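Undergrad: Compute the structure for the input listed below.
(one chain, ligands or ions: 1)
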Amino acid sequence: QLMGQLLGMKEKEKQLASYLEIEHCVIVSGDVDEQVKLREEIGHATLETLDFLLPEGNNIIAVMGGATMAEVANQMNETLSKKRELIFVPARGGLGESVDIQANSISALMAQKTGGKNRVLYVPEQVSEETYKPLLQEPGIKKTLKLVEDANCVLYGIGDAMHMAERRGMNDEVLALIETKAAVGEAFGEFYNQSGDVVYKIPRIGMQSKDLAHIASVIAVAGGKSKAKAIEAHMKKAPRHTWLITDEGAANEILTGI
Ligand code: G3H
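TA: Numbering: from 1, shown residues only. A predicted model of the protein is given here:
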C-alpha cells in the first residue's frame, strides 16, 4: 500500500509540474497550514533537492527570507558541503521581516550549518531612495551584490499577498493598492496578480524575479492550501527550469482547480 501511495505521489508531482510548466515538483504529504511540523519535512525535501542539483566545486547560493526558508536552514548539515564550496548570500536586503526570518539571518544560519561561507547585505529596503542610494557605493555592499549577481542557485519562498504585506507592516497605501490591483501572491518583494504580473514591488536592491532566468538552479519552497493561488500565479512567469518544493495541501488545491 505504501508503494502505491509513493507511486501516486510521484504521479501527482509529475502532473503538477506539467500543469505549472516547470521542471519538477516535490510534494510532501500533508498540509503545513494544519500541521506546522510539516515545515521540517519540506525543509528536508529542499535539502535533498539541493544535494541533487548543486554541482561539485564552487557554489553561490542566494537565499530569501521567511519562516519556510528558516526551516530549510535548520535542516541543513555538512553533507551538503561534501565536494562543494558553498557561499550563502542574501538575495535581498531587509524587507521588513523580523530578525529571525530575514534573508541575512537565514543565509548566516545556512553557512553555519553546512560549514560554508556567508556574506551579509545590510541594506534596509523600507527607506527613501536618498537614504539607500549612497549605500550602494560602499565596497562591502558592492561585493555582496556582485555575488548575488553571480549566484548559480536561488532558494526562495512564496507568500500570500495580503498576509505578507501585513506581516511586513507595509503602509495603508500599499495595502489598498494590493487590494485594488488584486494581488494574490508575493516573492522577492514583488506583489503579483493572478496572471503573475507584478502590480507593486519594493523597488530596491538585490535580486528580482526577472533575474531568475539566468540562474542555473531555481528552487521555490512554499506549502499549504492558503498559498495555492500565490504559487500558481507565480509559476505563470517563472522560468521553465524552476523546481517547486511544496505539500499536498497546496498541490491538491491547485490541481482541483484544473
Ligand atoms: O516571500 C514570501 C515569504 O518569504 C514566505 O514566507 O515562508 O514565512 O510563509 P513564509
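Undergrad: Now the residue of the stretch 51-200 of the chain found nearest the ligand: closest residue in space that isn't a chain neighbour?
TA: Among the residues of the stretch 51-200 of the chain, residue 66 lies closest to the ligand, at 2.6 Å counting by C-beta to the nearest ligand atom. Bear in mind the C-beta positions are built from the backbone N, C-alpha and C, glycine included. Spatial nearest neighbour of residue 66, chain neighbours left out: residue 157 (3.8 Å); criterion: C-beta to C-beta, 6 or more residues apart in numbering.
Undergrad: Quick check: the residue of the stretch 51-200 of the chain closest to the ligand touching residue 163?
TA: No - judged on C-beta atoms under 8 Å, residue 66 makes no contact with residue 163 at a distance of 10.9 Å.
Undergrad: which of these two has more neighbours?
TA: residue 66 (25 against 14; other C-beta atoms under 10 Å).
Undergrad: distance of that one from residue 92?
TA: Distance, residue 66 to residue 92, by C-beta to C-beta, to the nearest Å: 11 Å.
Undergrad: One more: residue 63?
TA: 9 Å.
Undergrad: Over to residue 26?
TA: Residue 26 is 24 Å from residue 92, by C-beta to C-beta.
Undergrad: neighbour-wise, which of the two wins?
TA: residue 92 (25 against 22).
Undergrad: who's in contact with that one?
TA: Applying C-beta atoms under 8 Å, 6 or more residues apart in numbering to residue 92 gives the contacts 64-65, 103, 121, 125, 188-189, 204-207.
Undergrad: Would you reformat the residues you listed as a markdown table and include pLDDT?
TA: Converted to a markdown table, these look like this (pLDDT from 0 to 100):
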| residue | pLDDT |
| --- | --- |
| 64 | 95 |
| 65 | 93 |
| 103 | 93 |
| 121 | 89 |
| 125 | 69 |
| 188 | 93 |
| 189 | 91 |
| 204 | 69 |
| 205 | 78 |
| 206 | 85 |
| 207 | 90 |
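Undergrad: Same question for the spatially most central residue of the chain, what's its three-state structure.
TA: For the chain, the residue nearest the mean C-alpha position is residue 156 (1.2 Å; C-alpha atoms, centre = their mean). For residue 156, the assignment made with DSSP: H, G, I helix; E, B strand; the rest coil gives strand.
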